[in-house]
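Participant: I would like the atomic coordinates for the input below:
(chains A, B, C and D)
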Protein chains: 2
Amino acid sequence: MFDPMCPSSALPFQIGDKWTGMVVLCLQGGRRRFTEIRVPLRGVTPKVLTQTLRAMERDGLVVRTAYPENPPRVEYELTELGRSLLTLVDAARTWSRDHLPALLRAREAWTQAAPVGQSGRP
Amino acid sequence: MFDPMCPSSALPFQIGDKWTGMVVLCLQGGRRRFTEIRVPLRGVTPKVLTQTLRAMERDGLVVRTAYPENPPRVEYELTELGRSLLTLVDAARTWSRDHLPALLRAREAWTQAAPVGQSGRP
DNA sequence: GATACTGGTTACTACAAGGGAACCGGGACG
DNA sequence: CGTCCCGGTTCCCTTGTAGTAACCAGTATC
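Facilitator: Numbering: from 1, shown residues only, chains lettered A, B, ... in the order given. Predicted coordinates:
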């Protein structure tokens, strides 16, 4: 899940900063703890994940609930506003499924056949 | 059109790099010349616009046609793949119309009422 | 006393994207 | 001869985003 080597990393669009879209996807199934988000988002460092979650909390996309326990437990959950982003994420995923291969093919053909020139470009 | 002060600049998502989405919108009405794209995208510098258009050409989103005239004339046009992004751009605009005010309200309330503390955050 | 656990924080670094300002080619025009 | 036009290019600098590595608090457990 959320492999950085996945071709969808070449998507020509992005939800929020680099990880916001994945957090939204990860939280669509319900509330999750910090590490339950960090693990599936392969490669995210705690610092960056904290930044992302703080920004999302600020924007009203998630709510953060900290329980006064030990060891600490914190849960994140999408707000209704955050869930509204799911339609957008789904649209992005639909686009990817339907059109990303064509984009990658175009990019591939470019590096192979036209490193320079050919049209009017000097 | 495309005022950088427009609240949609606070969108929590982005099509491609900073200007790609706006270029797609700008080209939805048909082929346009370089300056016809640069002017409505207030604030884009020619360097960055060139970068953006080159990347879109590489990805098969636009086609570039240079006419051997003087002064030079170059036209850009969306490919079918590029036009397919319009659905995504429209979804983004729909989301913005419906939910961006709520996001901005949340952000505003945050800076006013909760610079620190209140929930479990130290 | 040492260790581990969670959910972070801090300091430092690296890299890419973006922006500012100036310049260019080459014909048309005055 | 100088100037304008378009569609760029070049150099340099700022900013933002992300990453690495190390550390922390407070309790529970070994």
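
Participant: any low-confidence regions in chain A?
Facilitator: A:113-122 (pLDDT under 70).

Participant: Pull up the residues of it that are close to DNA strand D.
Facilitator: By C-beta under 7 Å from any atom of the strand, the residues of chain A that approach DNA strand D are A:17-19, A:43-48, A:51-52, A:70-72, A:121-122. Using the backbone N, CA and C atoms, a C-beta is placed for each residue, glycine as well.

Participant: out of the residues you listed, who's nearest B:Arg83?
Facilitator: Nearest to B:Arg83, judged by C-beta to C-beta, of the residues of chain A next to DNA strand D is A:Arg121 at 22.5 Å.

Participant: Only the buried subset of the residues of chain A next to DNA strand D, as a ChimeraX command please.
Facilitator: The ChimeraX command for the buried members of those (criterion: 16 or more other C-beta atoms under 10 Å in any protein chain shown) is given here:
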select /A:17,19,44,52
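
Participant: In the residues of chain A next to DNA strand D, find the pair that's most separated.
Facilitator: Every pair of the residues of chain A next to DNA strand D checked by C-beta to C-beta; the farthest is A:Asn70 and A:Pro122, at 66.3 Å.

Participant: and chain A, which of its residues are near DNA strand C?
Facilitator: Going by C-beta under 7 Å from any atom of the strand, the residues of chain A near DNA strand C are A:33-35, A:46-47, A:50, A:53-54, A:64, A:66, A:71-74.

Participant: Show the buried residues in those residues.
Facilitator: Neighbour counting with 16+ other C-beta under 10 Å marks A:34, A:53, A:64, A:74 as buried within those.

Participant: Verify the stated contact: the last one with A:Val62.
Facilitator: No: in this structure, A:Val74 sits apart from A:Val62 without contact. The criterion is C-beta atoms under 8 Å, and the distance is 11.2 Å.

Participant: Strands along chain A, start to end?
Facilitator: Counting by DSSP state E, chain A has strands at residues A:13-15, A:32-33, A:62-67, A:73-78.

Participant: In chain A, which helix is the longest?
Facilitator: As assigned by DSSP state H, the longest helix anywhere in chain A is helix A:80-113.

Participant: Run the angle between that helix and strand A:73-78 for me.
Facilitator: Helix A:80-113 and strand A:73-78 meet at an angle of 80 degrees, taking axes from the mean of the first three to the mean of the last three C-alpha atoms, to 10 degrees as the criterion.

Participant: just checking, what packs against helix A:80-113?
Facilitator: strand A:13-15, helix A:20-27, helix B:46-58, helix B:80-113 (3 or more C-beta pairs under 8 Å, 6 or more residues apart in numbering or on different chains; DSSP states H and E).

Participant: what do you get if the cut-off is 7 Å, keeping everything else the same?
Facilitator: Under the contact definition 3 or more C-beta pairs under 7 Å, 6 or more residues apart in numbering or on different chains; DSSP states H and E, helix A:80-113 sits against strand A:13-15, helix A:20-27, helix B:80-113.

Participant: Deepest-packed of the ones you listed, please.
Facilitator: helix A:20-27 (a mean of 23; mean count of other C-beta atoms under 10 Å in any protein chain shown).

Participant: any residue of that one up close to chain B?
Facilitator: Yes: using C-beta under 7 Å from any C-beta of the partner chain, helix A:20-27 reaches chain B at A:Thr20.

Participant: Quick one: work out the angle between that helix and strand A:62-67.
Facilitator: 60 degrees.

Participant: residues in contact with helix A:20-27?
Facilitator: A:2, A:14-15, A:32, A:37, A:40-41, A:52, A:56, A:62, A:76-78, A:82, A:85-86, A:89, B:12 (C-beta atoms under 7 Å, 6 or more residues apart in numbering or on different chains).
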